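Engineer: curious how this folds, go ahead:
(2 chains)
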Amino acid sequence: MSSDLAIESAGGERMRINMGPHHPATHGVLRLIVECDGEIVSSATPDHGYLHRSIEKIGECVEWPMFVPYTDRVDYVCAMNANLAYCVAVEKLLATDKTTAVQVPRRAEVIRVIVAELNRISSHLVAVGAMSMDLGAYTPFLHGIAQREGVNDIFEKLCGQRLTYNYITIGGVGFDLHTGAVEEIESFLAQFEKEMIRFNKLITTNTIFRDRCAGIAVISAAEAVAYGLVGPNLRGSGVDWDIRRDEPYGIYGELGVRVPVGQGYAGRTGKVGDCYDRFIVRLLEINESVRLIRAALKLLPPAAEKPADPVGGFQADVAKALRKPPKGEIRVRTEAPRGEMGYVIVSDGTKTPYRVRCRTGSFTACSIFNKLMKGIFLADIVTVIGSFDIVVPEIDR
Amino acid sequence: MTEIIKPGNDEQVFTTTVDEFLAWGKENSLFYLLFATACCGIELMQTGGPRYDVDRLGMIPRATPRQADLMIIAGTITHKMASRVRTLWEQMTEPRWVVSMGSCANSGGPFSKYSYSVLNGVDKYIPVDVYIPGCPPRPEALIDGVMALRERVRKYRTVGIRDKDPHVVQGADCAFGSHPGKASSLELGASSPQGPKA
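Structural biologist: Got it, this is the predicted structure:
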């Protein structure tokens, strides 16, 4: 309402500004058509499709295991989690028939949790780093990138790739942990925790940064649910919901995931569900991921000789099952760093999927943009976009 | 720098031509456009990060094309995005240089066969000076491509000749998704790291 009043007082003159598709603060090729009255935004309409790579259509053309590399490209900042979501969905489909059901080895399940949580850390580092960079603080971003290199080093030894891993496969993982991986991960976590204290001193408790985020773009819990927000954006509004805890997959049920929610962390000026809460929830999730990795490392069974060993193996034999999978439709949702990553898979019993549909968090986050940006200052748009941590191929696919 | 004369004491005098001096300056201040579309953008970000630190090569990101010398196409270009890429390229001032980073920008990469919306190679819209294969390329590969480009900048600034043939970065994985136009130089093991005419 306040924005309508402002427009009337200015005589109803509005200016239309194109933000993107090339803009350093839109995290890729998102385009916003911003209408503003002086400094006050009256509407911001997202325009999508600049990175539509028809990944879902490709899913209908390639065989079941051949789609795993494409899931990397659905969300490249957390490719491990994207792999995991698709593989869990296909395994659930195979489990609907006794003849094709596969038993994922216990060791593979533990490795999956370790790599997924490591990737969650590196993804959130990009998110909080990029948000602070958008608000003018370049140094925290460099600290985040430096720590991300540590995760990349571990993954590179594990599977040979720095960004698009193609590591988690249907029925397990691609390779067993390399020699000395456990010690490497532990030593990384030890220095990472120290580094995060420095990071928090640098940006999280910074008054300028906090004041720019506090009270901006407040989303109530009911609104967040109504607009279909997921993941840290939902939890930032105080909704206590995490797929890892409430609908556990893999071995998450044994780990006892603790879920941080937004509580108006910015203090006096802050409200539950503002940009600062979404920022803090990501940082708290990083701490939780560190704890989960340590807990999972304790559960890691020793490696067995045979890859398909149900306890110490890393890859069940799925080649025969994938040639003739059962018919049917499967829905699976998993918790990726940007919220629920769900797959709907329709199988017609052939070696290629009939339909692959992925449901990602960034797309629904865009639906609330127009509502949130009414009445805020033009300079706060980058704060809102940064706090949602959108990744454009997740929107366009 | 052509000649060093030591007149005594600790003083050193360099004699050079204006052209060479300017070329040295241009070569060491390749400002690049902060333009990333997809996966390679993260790798570009990390190349600018503390470990690989392209700032030491004088490469500083610029938010607007009017201040940039170099455009690194980092990521997939779709048909919808292609005309915008052309617009950005046209906004850059001459002489402008283009590096195509990753298989998607080179040839469509993993999307070239089945996708209906991906442009198979950004060179259909803008001329490319250096191709870097990989999905995504390692930061070392990107730096290698930039070093090859610096040679070209120096040659253009001193001799006045701009190479027409694109340079293709050669590496262990150059068989995957490289630019098809340079098939002869892509044979594994039979290539020189400097490229055909650089």
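Engineer: residues of the stretch 1-150 of chain A that sit close to chain B?
Structural biologist: Within the stretch 1-150 of chain A, the residues that sit near chain B (Cβ under 8 Å from any Cβ of the partner chain) are A:21-24, A:28-29, A:49-54, A:57-58, A:61-62, A:69-70, A:72-73, A:76-77, A:126, A:142, A:145-146, A:148-149. Placement of C-beta: from N, CA and C, glycine included.
Engineer: could you pick out the buried ones from these?
Structural biologist: Among the residues of the stretch 1-150 of chain A next to chain B, those that count as buried by neighbour count (16 or more other Cβ atoms under 10 Å in any protein chain shown) are A:21-24, A:28-29, A:50-54, A:57-58, A:62, A:69-70, A:72-73, A:76-77, A:126, A:145-146, A:148-149.
Engineer: ok so, going back, among the residues of the stretch 1-150 of chain A next to chain B, name the ones in helices.
Structural biologist: Residues of the residues of the stretch 1-150 of chain A next to chain B located in helices (DSSP state H): A:57, A:58, A:69, A:70, A:72, A:73, A:126, A:142, A:145, A:146, A:148, A:149.
Engineer: roughly how far apart are the first one and residue A:397?
Structural biologist: When you say that, I think you mean residue A:57. The spacing between residue A:57 and residue A:397, counted by Cβ to Cβ, to the nearest Å, is 10 Å.
Engineer: same deal with the third one?
Structural biologist: Taking Cβ to Cβ as the criterion, residue A:69 is separated from residue A:397 by 15 Å.
Engineer: residue A:365 falls within a helix, correct?
Structural biologist: Yes: when classified by DSSP: H, G, I helix; E, B strand; the rest coil, residue A:365 is found to be part of a helix.
Engineer: tell me who's in contact with whichever residue of the stretch 51-200 of chain A sits closest to chain B.
Structural biologist: Residue nearest to chain B within the stretch 51-200 of chain A: residue A:145 (3.5 Å; Cβ to the nearest Cβ). Residue A:145 is in contact with A:125, A:126, A:129, B:45, B:46, B:49, B:50, counting by Cβ atoms under 8 Å, 6 or more residues apart in numbering or on different chains.
Engineer: give the buried subset of the residues you listed as a PyMOL selection command.
Structural biologist: The PyMOL selection below is limited to those of the contacts of residue A:145 classed as buried (16+ other Cβ under 10 Å):
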select buried, (chain A and resi 125+126+129) or (chain B and resi 45+46+49)
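Engineer: buried ones in the lengthiest helix in chain B?
Structural biologist: Taking DSSP H as the criterion, chain B has its longest helix at helix B:139-158. Using 16+ other Cβ under 10 Å as the test for burial, helix B:139-158 gives B:139, B:141-146, B:148-150, B:152-158.
Engineer: now the following helix or strand past that helix, how far from the centre of its chain.
Structural biologist: The first helix or strand that comes after helix B:139-158 along the chain, using DSSP states H and E, is strand B:167-168. Here the centre of strand B:167-168 is set off from its chain's centre by 9 Å, with Cα atoms, centre = their mean, to the nearest Å.
Engineer: and for stretch A:39-56?
Structural biologist: Distance, centroid of stretch A:39-56 to centroid of chain: 19 Å (Cα atoms, centre = their mean).
Engineer: same check, this time on stretch A:384-397
Structural biologist: The answer for stretch A:384-397 is 10 Å, by Cα atoms, centre = their mean.
Engineer: how many residues are close by the nearest residue to residue A:69 once chain neighbours are set aside?
Structural biologist: Excluding its sequence neighbours, the residue lying closest to residue A:69 (Cβ to Cβ, 6 or more residues apart in numbering or on different chains) is residue A:166, at 4.7 Å. The number of residues packed around residue A:166, counting by other Cβ atoms under 10 Å in any protein chain shown, is 18.
Engineer: looking at the stretch 201-350 of chain A, what residue ends up closest to chain B?
Structural biologist: residue A:337 (13.5 Å).
Engineer: thought that residue was touching residue A:81?
Structural biologist: Yes: if you go by Cβ atoms under 8 Å, residue A:337 and residue A:81 touch, sitting 6.4 Å apart.
Engineer: if we can go back for a sec, so what does the longest helix of chain B touch, helix or strand wise?
Structural biologist: Contacts defined by 3 or more Cβ pairs under 8 Å, 6 or more residues apart in numbering or on different chains; DSSP states H and E place helix B:139-158 against helix B:18-27, helix B:39-47, strand B:97-101, strand B:130-132, strand B:167-168.
Engineer: more neighbours, residue A:337 and residue A:81?
Structural biologist: Taking neighbours as other Cβ under 10 Å, residue A:337 and residue A:81 compare with residue A:337 leading, 30 against 24.
Engineer: to which secondary structure element is the nearest residue to that one once chain neighbours are set aside assigned?
Structural biologist: Counting by Cβ to Cβ, 6+ apart, residue A:123 is the residue found nearest to residue A:337 once chain neighbours are left out, at 3.9 Å. Take DSSP H and E as the rule and residue A:123 turns out to sit in helix A:106-134.
Engineer: show me what contacts the nearest residue to residue A:318 once chain neighbours are set aside?
Structural biologist: The shortest distance from residue A:318 to any non-neighbouring residue, by Cβ to Cβ, 6+ apart, is to residue A:171 (3.8 Å). Residues counted as contacts of residue A:171 (Cβ under 8 Å, 6+ apart) are A:87, A:91, A:102, A:104, A:108, A:315, A:316, A:317, A:318.
Engineer: got a PyMOL select line for the buried ones in these?
Structural biologist: Selection command for PyMOL covering only the buried members of these, criterion 16+ other Cβ under 10 Å:
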select buried, chain A and resi 87+91+102+104+108+315+316+318
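Engineer: which SSE is immediately downstream of the helix or strand harbouring residue A:345?
Structural biologist: In this assignment (DSSP H and E), residue A:345 forms part of strand A:339-347. Per DSSP H and E, the first helix or strand lying C-terminal to strand A:339-347 is strand A:355-359.
Engineer: for that following strand, what is the distance to the chain centroid?
Structural biologist: Taking mean C-alpha positions (Cα atoms, centre = their mean), strand A:355-359 and its chain are 17 Å apart.
Engineer: from residue B:85, how far out is the residue nearest the centre of chain B?
Structural biologist: Closest to where the C-alpha atoms of chain B average out (Cα atoms, centre = their mean) is residue B:99, at 3.3 Å. Remark: distance between residue B:99 and residue B:85 (Cβ to Cβ) = 13 Å.
Engineer: hey, what's in contact with both of the two?
Structural biologist: Common contacts of residue B:99 and residue B:85 (Cβ under 8 Å, 6+ apart): residue B:73.
Engineer: hmm, residue A:109 is touching residue A:253, no?
Structural biologist: No: the pair residue A:109 / residue A:253 is not scored as a contact, 10.9 Å apart, by Cβ under 8 Å.
Engineer: of the two, who's got more company?
Structural biologist: residue A:109 (22 against 12).
Engineer: mind checking how far the more buried one is from residue A:342?
Structural biologist: Distance from residue A:109 to residue A:342, by Cβ to Cβ: 20 Å.
Engineer: and the pLDDT for residue A:77?
Structural biologist: Predicted confidence (pLDDT) for residue A:77: 89.
Engineer: go on, residue B:197?
Structural biologist: Looking at residue B:197, the pLDDT reads 40.
Engineer: also residue A:194?
Structural biologist: 90.
Engineer: now stretch A:320-336: buried residues?
Structural biologist: Those buried within stretch A:320-336 under the rule 16+ other Cβ under 10 Å are A:321, A:322, A:325, A:326, A:330, A:332, A:333, A:334, A:335, A:336.
Engineer: from the chain's centroid, how far away is it?
Structural biologist: With Cα atoms, centre = their mean, you get 22 Å for stretch A:320-336.
Engineer: C-alpha coordinates for it, PDB please?
Structural biologist: In PDB, the C-alpha atoms belonging to stretch A:320-336 read as follows (Å, rounded to 0.1, in the frame of the first residue of the first chain):
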ATOM      1  CA  LYS A 320      20.200 -55.600 -15.900                       C
ATOM      2  CA  ALA A 321      17.500 -53.900 -13.900                       C
ATOM      3  CA  LEU A 322      17.800 -50.600 -15.900                       C
ATOM      4  CA  ARG A 323      17.400 -52.500 -19.200                       C
ATOM      5  CA  LYS A 324      13.800 -53.400 -18.200                       C
ATOM      6  CA  PRO A 325      12.700 -51.300 -15.300                       C
ATOM      7  CA  PRO A 326       9.100 -51.600 -13.900                       C
ATOM      8  CA  LYS A 327       6.400 -49.300 -15.300                       C
ATOM      9  CA  GLY A 328       5.000 -46.600 -13.200                       C
ATOM     10  CA  GLU A 329       5.300 -43.100 -11.800                       C
ATOM     11  CA  ILE A 330       7.500 -42.100  -8.900                       C
ATOM     12  CA  ARG A 331       7.800 -38.900  -7.000                       C
ATOM     13  CA  VAL A 332      10.800 -38.200  -4.700                       C
ATOM     14  CA  ARG A 333      11.900 -35.100  -2.900                       C
ATOM     15  CA  THR A 334      15.200 -34.500  -1.400                       C
ATOM     16  CA  GLU A 335      16.800 -31.600   0.500                       C
ATOM     17  CA  ALA A 336      19.300 -29.700  -1.700                       C
END
